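Visitor: 3D model of this:
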Amino acid sequence: MYLQITNRCNMSCEHCGMNCTKQGEDMTPKTFENAMDYADGYLSLGGGEPTIHPLFWRFLGLAIAHAEDTIWLATNGSITDTAIALAKMARKGVISCALSQDSYHDPIDDRVVRAFAEGKKQTHSYSDAKDSYDFREIRNVEDALINAGRCDFGEDGCVCEDIIVKPNGDVFGCGCDCAPCFGNVNSTVCIPNDWDWCGCSRNQVRPEELRVA
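Guide: The predicted structure follows:
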């Protein structure tokens, strides 16, 4: 499950699939805690830029305590002290964190890039590495751009292939514009038992297939 804790961002990247700007909405503590009731297994915290949420550290702590697997998030690294702290946590395997670095993002402090890069072994799989719990990543998505949001180039696809919870609590089948809404975490959510990633344009949801999560 992808929790979009804010749709605000302090950058305005041309390739943003979420179409995020400096204006937007932050998820409330009530909505976040209610979303936790529907989250099992893999859990991502996203945005926008998740670290600009005023309650980011509180939400991250709650997510770590709740989730069965390692929490994943991506940051643009713009808030230097926060980004360096996240890199340290990822290096210890507390979280999995990706630093977004490509020609579309604004420049950031070199110390952040070093925090994500220094000492990181380049391996094909975590099982190959002695530092197998080092979950840092520097990602460049230029070769996998999706036609979504502000991005009007690249291949057709989905900017988020997971169940996504918007800042207001609405739950969608994936990040596609045509994804069905399954309800709101502050009231009732019904998700198909056999829902697969990014199936919005191919799977017709029938009432008998729904379950109350």
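Visitor: can you tell me the distance between the two ends of stretch 145-158?
Guide: In stretch 145-158, first residue to last residue: 10 Å (CA to CA, to the nearest Å).
Visitor: Just the buried positions in that stretch, please.
Guide: Buried residues in stretch 145-158, counted by 16 or more other CB atoms under 10 Å: 145, 146, 148, 149, 151, 154, 158. Backbone N, C-alpha and C define where each C-beta goes, glycine included.
Visitor: how near is residue 64 to residue 70?
Guide: Computed as CB to CB, to the nearest Å, the residue 64 to residue 70 distance reads 9 Å.
Visitor: Thought residue 146 was touching residue 16, still the case?
Guide: No: between residue 16 and residue 146 there is no contact under CB atoms under 8 Å: 10.3 Å.
Visitor: Specify the beta-bridge partners of the closest residue in space to residue 47 that isn't next to it in sequence.
Guide: Closest residue to residue 47 in three dimensions, ignoring its sequence neighbours and counting by CB to CB, 6 or more residues apart in numbering: residue 6, at 4.9 Å. Per DSSP bridges, the residues bridged to residue 6 are residue 26.
Visitor: Let's check: the centremost residue of this structure is which one?
Guide: Geometric centre of the chain, nearest residue: residue 46, 3.4 Å, by CA atoms, centre = their mean.
Visitor: wait, what's in contact with residue 117?
Guide: Applying CB atoms under 8 Å, 6 or more residues apart in numbering, we find residue 117 in contact with 136, 138.
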